[in-house]
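Participant: Based on what follows, work out the 3D shape:
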Amino acid sequence: MDGNKDDAERCADIGEAAFRKGDFNKALKFLGKAQKLYPSKRVADLLLKVAAASQAAENGASAGPSSSTGPQTRSASRPQANGHAAGPSTRQRTAASGDRTAQEEREAQATPEMISLVARIKRTTNYYEILEVSKECTEDDVKKAYRKLALKLHPDKNKARGADEAFKAVSKAFQCLSDADLRANYDRYGHEDPNQLRQQQFQRRRAHGPSYDDFDPNDIFNAFFFGGGMAPNARVYRYNFGGQQYRHRAAPPPQQGTQNNNQLLALLQLLPVIAFLLYALMPTSEPVYSMARYGKYVKEMRTSDLDIPFWVKGADFEREYPAGSQARAKIERQVTNDYRDHLETRCYHERVAQQQQFRWGQTKAAREMKMPYCDELRRVQAAY
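Facilitator: Residues are numbered from 1 along each chain as shown. Below is the predicted model of the structure:
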């Protein structure tokens, strides 16, 4: 732990120096590494500052020539000779201020891990790097990587600025790498398809059918986790209840005459997407282990390095995965990864509760709050 703390401090110093020089990407890289090695409030505060400064710089650059109209706008908002103001009304300014305040309050709830994850996704456009998988990965590896990242980046959970763009990038990477044809073209050309994809998208738009780029990342998320489907030409209505999105899909309007041919063409062109969704939702074989005791999983086992408990079906496990074998080591690595994912989720809730105490002015209670899942997460992270 002390070695990790020293390494974390060195990374934090490098990141802080890069921040002062305006190198935000380098700052995020080293500060994120420091927080992973040894979480601290200092690094968390720096991450928030770097993320805010980076976003402000991007907004300033995107404004471009329009920023030159600023002084004119300010002068125009002053009262004219006839006594009427030419600028926005007080109500409009108040509404805009309220929107900014709500956004700032939401972003203030973002944890350093959320900010660091979004920053990592936005630093690259390579699908393999986005999902953190190798080019030799299997489709199961792609699904597992998507499942892990999608849950962490969904805008309903991740409060960091840019989480929606990162969520969309992860969804697009998953959609490409989980399809054999798209993945082959991506490996060959660096994108899904150099010519055919654009032609297909044009044809689909003419037929009023959704194209690859038009596919909503929330549709992929809902189909993957909840088994939702989407009919061609279906209208999608979104409702928000307590921050969670619900959807109602209305049936497409009746088609007549030649429009039926267009609908059939759109359906045929959607078959690869439908096949992809069906394959993603196909049940897999029973898992080798469970992280909790239930059903057939009654025999308790523990990993050799961190003593993490998991459950298997019976004596067959030790025969198929003998202690010391590569197969057993692979299973134990998977158990450790699942355990770490569980700890990250529970630690996230502990930190949210602690932040609420700070916001309510209960500083002493917040500092003395016991956070067993975060403590255990640090123990696991220190071993890797």
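Participant: Can you classify Glu286 by secondary structure?
Facilitator: Here Glu286 is recorded as coil under DSSP: H, G, I helix; E, B strand; the rest coil.
Participant: Can you give me the domain assignment for this protein?
Facilitator: Taking the TED database as the domain assignment, the ranges for the chain are 2-56, 109-191, 289-383.
Participant: so can I have JSON lines of those showing distance to Ile274?
Facilitator: C-beta: built from backbone N, CA, C; applies to glycine. Converted to JSON lines, the domains of the chain look like this (distance: least, C-beta to C-beta, whole Å):
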{"stretch": "domain 2-56", "distance to Ile274": "38"}
{"stretch": "domain 109-191", "distance to Ile274": "12"}
{"stretch": "domain 289-383", "distance to Ile274": "30"}
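Participant: Tabulate those domains in CSV, adding columns for mean pLDDT and mean neighbour count.
Facilitator: As requested, these are exported to CSV (pLDDT from 0 to 100; neighbours: other C-beta atoms under 10 Å):
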stretch, mean pLDDT, mean neighbour count
domain 2-56, 81, 18
domain 109-191, 87, 18
domain 289-383, 87, 14
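Participant: ok, now which ones touch Asn158?
Facilitator: Counting by C-beta atoms under 8 Å, 6 or more residues apart in numbering, Asn158 makes contact with Ala110, Met114, Leu117, Val118, Lys152, Ala166, Phe167.
Participant: now, among these, which is nearest to Ile331?
Facilitator: Using C-beta to C-beta, Lys152 is the member of the contacts of Asn158 that sits closest to Ile331, with 23.9 Å.
Participant: So the closest one sits against Ser116, correct?
Facilitator: No: if you go by C-beta atoms under 8 Å, Lys152 and Ser116 don't touch, sitting 10.9 Å apart.
Participant: mind listing which of the contacts of Asn158 are in helices?
Facilitator: By the criterion of DSSP state H, membership of the contacts of Asn158 in helices covers Met114, Leu117, Val118, Lys152, Ala166, Phe167.
Participant: Of those, which is the nearest to Arg188?
Facilitator: Nearest to Arg188 among the ones in helices among the contacts of Asn158, with distances taken as C-beta to C-beta, is Ala166, at 26.2 Å.
Participant: between the contacts of Asn158, which is closest to Gln381?
Facilitator: Gln381 lies nearest to Leu117 out of these, by C-beta to C-beta, at 14.8 Å.
Participant: got a list of what Lys299 touches?
Facilitator: Here Lys299 is in contact with Trp311, Val312, Lys313, Gly314, Ala315, Phe317 (C-beta under 8 Å, 6+ apart).
Participant: oh sorry, the question was meant for Lys36
Facilitator: Contacts of Lys36 (C-beta under 8 Å, 6+ apart): Ser116, Gln381.
Participant: the longest helix in this structure is where?
Facilitator: helix 326-359.
Participant: name the helices or strands packed onto that helix?
Facilitator: Packing partners of helix 326-359 (3 or more C-beta pairs under 8 Å, 6 or more residues apart in numbering; DSSP states H and E): helix 363-368, helix 372-382.
Participant: now these in TSV, with distance to Ala184?
Facilitator: Below are the helices and strands packed on helix 326-359 laid out as TSV (distance: least, C-beta to C-beta, whole Å):
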stretch	distance to Ala184
helix 363-368	52
helix 372-382	36
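Participant: Figure out the helix or strand that the residue nearest to Ser40 when sequence neighbours are not counted lives in.
Facilitator: Closest residue to Ser40 apart from its sequence neighbours, by C-beta to C-beta, 6 or more residues apart in numbering: Ala8 at 7.1 Å. Using DSSP states H and E, Ala8 sits in helix 2-21.
Participant: contacting residues around that helix?
Facilitator: By C-beta under 8 Å, 6+ apart, helix 2-21 touches 24, 26-31, 33-35, 37-38, 40, 42-43, 46, 49-50, 53, 382.
Participant: CA atoms only: put it into PDB for me.
Facilitator: Coordinates of each C-alpha in helix 2-21 appear next as PDB, following Å, rounded to 0.1, in the frame of the first residue of the first chain:
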ATOM      1  CA  ASP A   2       2.900   2.400   0.900                       C
ATOM      2  CA  GLY A   3       4.500   1.700  -2.500                       C
ATOM      3  CA  ASN A   4       1.200   2.400  -4.300                       C
ATOM      4  CA  LYS A   5       0.900   5.600  -2.300                       C
ATOM      5  CA  ASP A   6       4.300   6.800  -3.300                       C
ATOM      6  CA  ASP A   7       3.700   6.000  -7.000                       C
ATOM      7  CA  ALA A   8       0.300   7.700  -6.700                       C
ATOM      8  CA  GLU A   9       1.900  10.900  -5.400                       C
ATOM      9  CA  ARG A  10       4.400  10.900  -8.200                       C
ATOM     10  CA  CYS A  11       1.700  10.500 -10.800                       C
ATOM     11  CA  ALA A  12      -0.400  13.200  -9.100                       C
ATOM     12  CA  ASP A  13       2.600  15.600  -9.200                       C
ATOM     13  CA  ILE A  14       3.100  14.900 -12.900                       C
ATOM     14  CA  GLY A  15      -0.600  15.400 -13.600                       C
ATOM     15  CA  GLU A  16      -0.700  18.600 -11.600                       C
ATOM     16  CA  ALA A  17       2.300  20.000 -13.400                       C
ATOM     17  CA  ALA A  18       0.700  19.100 -16.800                       C
ATOM     18  CA  PHE A  19      -2.500  20.800 -15.700                       C
ATOM     19  CA  ARG A  20      -0.600  24.000 -14.900                       C
ATOM     20  CA  LYS A  21       0.900  23.900 -18.400                       C
END
